[in-house]
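J.: need a 3D model of the following:
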Amino acid sequence: MKRSRQGQGTGSSSKSIRSFFTPAPMPIIQPAPAPQIQSSSQPQSEVVEAQVVQEPETTDEVPSNANDLQNNPPVAASEEDIVADPGLRIPIEQMDPNIRDAVRRAYISKGPCQPRGHSYPKRKIYNRNRSFHDVWFNNHAWLEYSIAKDAAFCFYCYLFKQPRAENFGVDAFTVNGFRGWKDGRELIDAHSNGIDHNKSRRAYEDFKNQRQSVAHVINRGGKKSEEEYKGRLLIILGVIRFLSLQAHAFCGHDESSSSSNKGNFLEMVEWYKAKDKNAATLLRHNQMTSPEIQKDMCRACADLTTKAILTDLGDRPFAILVDEARDASIKEQMVVVLRLVCTVQRVVFILFVMSF
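T.: Now for the predicted structure:
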């Protein structure tokens, strides 16, 4: 052993545990100075002039795609396109097609405009003062109210209505607004049961559910594939955790299919497959058994373990012992032993091995 040192500190007067794992700064190598070029006897102006003559001629032509970008820059949704009051909104079909989905997502994240508790103005309808009521929001999550226009609107139809001439009655809840307070409850229920409204509702639910998007359907491969991947991941992670806790080696000298001993990791996976038929189905074709995946999972376990140790340590006292040695290949290995009292009042020794 080359050297050993031990120290003790507290959270207030000594360094934190993270400082003991900070790598040493690398030396900064200054670049060598560039060789000086001897200046010619010819004047500098003449040299520059000669160089300009020898330069190839350049054209001022701009590629067609660059002209297209300059003339038609990409359109992005802005905050001005998102208006809370439904009576002041721009119709979706009048917006640029490239930003319609972004605007829909912004409105869906905000939700419908329902100013509960607002003092709704009253209008005289058939010799009686009538107005909008907060109770109508309870059974209709899609219902909106515009303070500017004193009118009701449909959140679903605004976002996903079909612009067709035969959509009778849809404009009353999207463009003009509904103001028939006399039979307001009955007419709102009638709109909720309409064909066009239900089409907009289904489009809203499909758009809100990201699993219905084309990109997600192409990439996900179905819910069954996701469940199989999760089960496969749990099995491999269990094997890695067991070998890590027992400090066993993962790889073997010969991991080929004809080998009688493929190493601890592959042999344990094969034992698991022989023990459980479901595991044999999930781990067919030796999926998720490559050395790169093993290293990634080990690194993830190490990161989570380090975070758990630092969280448990907090600002309490600790002791640290550092030792290093050089093996036959002149490769140094440093061992860091952390000694602390955990929350269950017992002394814990944690060993870290680092190679240099």
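J.: list the contacts of stretch 116-130.
T.: Applying Cβ atoms under 8 Å, 6 or more residues apart in numbering, the set of residues contacting stretch 116-130 from outside is 131-134, 137, 145, 147, 150, 179, 181-182, 184. C-beta: built from backbone N, CA, C; applies to glycine.
J.: pull out the buried members of the residues you listed.
T.: 132, 137, 145, 147, 150, 179, 181, 184 (16 or more other Cβ atoms under 10 Å).
J.: excluding chain neighbours, what is closest to the fifth one?
T.: Going back to what we said before, that points to residue 150. Once flanking residues are discounted, residue 150 sits nearest to residue 121: 5.6 Å by Cβ to Cβ, 6 or more residues apart in numbering.
J.: tell me which element that neighbour is part of?
T.: Residue 121 belongs to no helix or strand when assigned by DSSP states H and E.
J.: what about it? Give its phi and psi, please.
T.: Phi and psi for residue 121, reported as degrees, to the nearest 10, are phi -70, psi 150.
J.: can you give me the pLDDT of it?
T.: Per-residue pLDDT puts residue 121 at 91.
J.: neighbours of it, how many?
T.: 10 (other Cβ atoms under 10 Å).
J.: check residue 81 too.
T.: Using other Cβ under 10 Å, the number of residues around residue 81 comes to 18.
J.: quick check on it: phi, psi?
T.: Main-chain dihedrals, residue 81, degrees, to the nearest 10: phi -80, psi -20.
J.: do a quick rundown of the helices in the stretch 201-350 of the chain.
T.: For the stretch 201-350 of the chain, the helices defined by DSSP state H, counting those that start in this stretch cover 214-220, 223-245, 264-275, 277-282, 291-313.
J.: can you say which of these is nearest to residue 256?
T.: Comparing those against residue 256 with Cβ to Cβ, the closest turns out to be helix 264-275 (10.3 Å).
J.: for that closest one, the averaged confidence score.
T.: Helix 264-275 shows a mean pLDDT of 88.
J.: relative to helix 291-313, how tilted is it?
T.: 100 degrees (axes from the mean of the first three to the mean of the last three Cα atoms, to 10 degrees).
J.: next, the angle helix 223-245 makes with helix 264-275.
T.: Per the same axes, to 10 degrees, the angle that helix 264-275 makes with helix 223-245 is 130 degrees.
J.: which helices and strands does helix 264-275 pack with?
T.: Under the contact definition 3 or more Cβ pairs under 8 Å, 6 or more residues apart in numbering; DSSP states H and E, helix 264-275 sits against helix 223-245, helix 277-282.
J.: just the buried positions in the longest one, please.
T.: For helix 223-245, the buried set under the neighbour-count rule, 16+ other Cβ under 10 Å, comprises 228, 232, 235-236, 239-240, 243.
J.: ok, now stretch 99-115?
T.: Of all the residues in stretch 99-115, those buried under the rule 16+ other Cβ under 10 Å are 99-100, 102-104, 107, 112-115.
J.: touching that stretch from outside, list them.
T.: By Cβ under 8 Å, 6+ apart, stretch 99-115 touches 75-77, 81-82, 84-86, 92, 95, 137, 141-147, 153, 155, 158-160, 204, 207-208.
J.: could you give the mean pLDDT of that stretch?
T.: For stretch 99-115, mean pLDDT is 90.
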